[in-house]
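A.B. asks: Sequence and computational prediction follow.
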Amino acid sequence: MQHDEMIGKVQALAQLPDRGSAEQATRTVLRTLAERLPSGLADHMAAQLPPTLATAVREATDSPGDGRPGTAGERFDLTVFAGRIAGRAATDEDTAVREAAAVLEVLDAALAPELTEKVAGALPADIRELMPARRTADDAD
C-alpha cells in the first residue's frame, strides 16, 4: 500500500480533519508500536511500509544517538501505549486509542498476513484488541 493511500485511510477511519493530522497520528502510532515489538519484528514491519512511514518505525528501534540503545521490545500495556501516543501527539488518551485503532486497521491491510499475525502475537491482549476483529479472533484460538 502506498503512503498517500495509507494516510487517507487513517484520516477517514480516525475522522481526522486533515492529512497532516493523519500523518502525525500514523507516525506516532507506528513509533510507539515499534517500541513494543521485538526489534527484528519491527524491522520486518518497516520493510513492508512506504519509506516515509518506515522511518518512524526505525526511529524507535535505532539508538537515539546519545549512547542509549533503542527502545524496541519494551513490555507495556494499553494504558502506557495510549499514554505515549497521547503525550507525543498532544491529545487525550481516548483520541490516542481511536487513532491507534485506525492505524492498526490500515496496517493490517498494508502488511503481509503472516507478518500481521506475528505483530498481533507479540502484543498483549489489551493492545491486540485494537486490531481488526478478524485478526484478534484468529489469535484467540
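C.D. replies: Arrived safely, thanks for sending. Numbers count the residues shown, from 1 in each chain.

A.B. asks: and the residue nearest to the spatial centre of the chain, how far is that from residue 58?
C.D. replies: Among the residues of the chain, the one closest to the centroid is residue 30, at 3.3 Å (C-alpha atoms, centre = their mean). Distance, residue 30 to residue 58, by C-beta to C-beta, to the nearest Å: 10 Å. Any C-beta I mention is one placed from the backbone N, CA and C, and that applies to glycine too.

A.B. asks: Show residues contacting stretch 16-36.
C.D. replies: Contact partners of stretch 16-36, identified using C-beta atoms under 8 Å, 6 or more residues apart in numbering, comprise 6-8, 10-11, 14, 42, 45-46, 49, 53, 56-61, 71-76, 81, 84-85, 88-89, 99-100, 102-104, 106-107, 119, 122-123, 127.

A.B. asks: so how many other residues sit close to the closest residue to residue 111 other than its chain neighbours?
C.D. replies: In this structure, residue 111 finds its nearest non-sequential neighbour in residue 48, 5.1 Å apart by C-beta to C-beta, 6 or more residues apart in numbering. A total of 16 residues lie near residue 48 under the criterion other C-beta atoms under 10 Å.

A.B. asks: per-residue confidence for residue 48?
C.D. replies: We have a pLDDT of 97 for residue 48.

A.B. asks: Make 649 the starting number, not 1.
C.D. replies: Understood, numbering begins at 649; the last thing we discussed is residue 696.

A.B. asks: among the contacts of stretch 664-684, which are in helices?
C.D. replies: Among the contacts of stretch 664-684, the residues falling in helices (DSSP state H) are 654-656, 658-659, 662, 690, 693-694, 701, 704-709, 729, 732-733, 736-737, 747-748, 750-752, 754-755, 767, 775.
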